[in-house]
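Asks: okay, here's the prediction I keep looking at, along with the sequence it came from:
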Amino acid sequence: MRDIQLPGRSPAHSRRAMAATSHPLATLAALDMLRNGGNAVDAAITAAALLGGRRTPFNQHWGDCFALYAPQKGRLWQLTARGKLLIRNG
């Protein structure tokens, strides 16, 4: 594992699961949830909860959420949730 205090990205490879966040600890928490029998939604909630505490400047009321849900059977679902866009006149 690389030093998470240094800038940069670390590649991650897996045949069974995947998680990607803006903070390595949130990614590890999501992967732990998957390893312990949780599903993709459980992992996403776990990562979001950790990011709320670790990356608070990036988790304001105007944040965005993009998610894909692909069950083994059935159709693919996409969620695009955009926060409030603040626009100033003048």
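Replies: Everything's here; your move. Numbers count the residues shown, from 1 in each chain.
Asks: for the biggest helix by length in the chain, packing partners?
Replies: For the chain, the longest helix by residue count, based on DSSP state H, is helix 40-54. Under the contact definition 3 or more CB pairs under 8 Å, 6 or more residues apart in numbering; DSSP states H and E, helix 40-54 sits against helix 24-35, strand 64-69. (Glycine included, C-beta is placed from N, CA and C.)
Asks: pick the most buried one from the ones you listed.
Replies: Among those, ranked by average contacts under mean count of other CB atoms under 10 Å, first place goes to helix 24-35 (a mean of 18).
Asks: next, the buried residues of stretch 34-50.
Replies: 34, 38, 40, 43-44, 46-48, 50 (16 or more other CB atoms under 10 Å).
Asks: let me have these in CSV, adding distance to Thr27 and pLDDT as columns.
Replies: Rendered in CSV, the data for the buried residues of stretch 34-50 read as follows (distance: CB to CB, whole Å; pLDDT from 0 to 100):
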residue, distance to Thr27, pLDDT
Leu34, 11, 93
Gly38, 14, 94
Ala40, 14, 86
Ala43, 10, 90
Ala44, 11, 87
Thr46, 10, 88
Ala47, 7, 86
Ala48, 12, 83
Leu50, 9, 83
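Asks: of all the residues you listed, which two lie farthest apart?
Replies: Taking CB to CB as the measure, the buried residues of stretch 34-50 reach their widest spread between Ala40 and Leu50, a distance of 15.9 Å.
Asks: kindly indicate which of the buried residues of stretch 34-50 lies nearest Gln72.
Replies: Nearest member of the buried residues of stretch 34-50 to Gln72, counting by CB to CB, is Ala40, at 11.4 Å.
Asks: bridge partners for the nearest residue to the closest one once chain neighbours are set aside, pull those for me.
Replies: When the adjacent residues along the chain are set aside, Ala40 lies closest to Tyr69, with 6.4 Å between them (CB to CB, 6 or more residues apart in numbering). According to DSSP bridges, the partner residues bridging Tyr69 are Trp77.
Asks: just the pLDDT for Tyr69.
Replies: Per-residue confidence at Tyr69 stands at 81 (pLDDT).
Asks: for Leu76, see how far away it is.
Replies: With the distance defined as CB to CB, to the nearest Å, Tyr69 ends up 7 Å from Leu76.
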